[in-house]
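Q: Here is a sequence together with a model predicted from it:
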Amino acid sequence: YSGFLKSVKLSFVGTFGDFDIDYFSETTYNYVSIPLLIIYIVVVAVLLLNLLIAMMGDTFKNVLGNAKQIWQLERARISYAIESDMSIEERQKAKYWTMINGRRYLEVEELITNY
């Protein structure tokens, strides 16, 4: 490397895979520069892959943490949609509702299947 700024530039461009192998083979210590280049390429690739895996894991953790809240919200929206689609007469018949301690609850039948 002929200077610090050129070294930084080559390292940055090298992160994207743009290496000029002839530049390294024409140096005074090419028997050292080429193995160091290979080590640099491998280390940067492993670090970037590790960063990608960590970001995907964090995103998965966030989605999994909100899954139950989103499920409950969607279930409430479905209940509200069913109730709002019913006429006043249907709501007063209480065909789909049960009273527990003076409060009205929607009866939902759940099928449990074993796969």
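A: Received, thanks. Residues are numbered from 1 along each chain as shown.
Q: tell me what the helix or strand harbouring Lys68 is packed against?
A: Assessed by DSSP states H and E, Lys68 sits inside helix 30-85. The contact analysis (3 or more Cβ pairs under 8 Å, 6 or more residues apart in numbering; DSSP states H and E) places helix 30-85 against helix 4-15, helix 21-25, strand 103-106. The way it works is simple: take the backbone N, C-alpha and C, and place the C-beta from them, glycine included.
Q: how about a markdown table for those, with distance to Ala67 added?
A: Shown next, in a markdown table, are the helices and strands packed on helix 30-85 (distance: least, Cβ to Cβ, whole Å):
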| stretch | distance to Ala67 |
| --- | --- |
| helix 4-15 | 36 |
| helix 21-25 | 49 |
| strand 103-106 | 22 |
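Q: Tell me which of the ones you listed approaches Met86 most closely.
A: Minimum separation from Met86 across the helices and strands packed on helix 30-85 (Cβ to Cβ) falls at strand 103-106, 10.6 Å.
Q: mean confidence for the closest one?
A: The average pLDDT within strand 103-106 is 78.
Q: Sheet partners, orientation included, of that strand?
A: Note on strand 103-106: by DSSP bridges, its sheet partners are strand 97-100 (antiparallel).
Q: quick one: average pLDDT of the partner strand?
A: Rounded mean pLDDT across strand 97-100 is 79.
Q: repeat for stretch 22-40
A: Averaging pLDDT along stretch 22-40 gives 79.
Q: In it, which residues are buried?
A: Using 16 or more other Cβ atoms under 10 Å as the test for burial, stretch 22-40 gives 24, 33, 37.
Q: related to what we said a few turns ago, please pull up the helix or strand immediately following the helix holding Lys68.
A: Downstream of helix 30-85 (by DSSP H and E), the next one is helix 88-93.
Q: quick one: contacts of that next one?
A: Applying Cβ atoms under 8 Å, 6 or more residues apart in numbering, the contact partners of helix 88-93 are 83, 97.
Q: that older thread, could you single out the nearest of the buried residues of stretch 22-40 to Leu51?
A: Leu37 (21.2 Å).
Q: Can you tell me how far the residue lying closest to that closest one once chain neighbours are set aside is from Val32?
A: Among residues not flanking Leu37 along the chain, Phe24 sits closest, at 5.4 Å (Cβ to Cβ, 6 or more residues apart in numbering). As judged by Cβ to Cβ, to the nearest Å, Phe24 and Val32 stand 10 Å apart.
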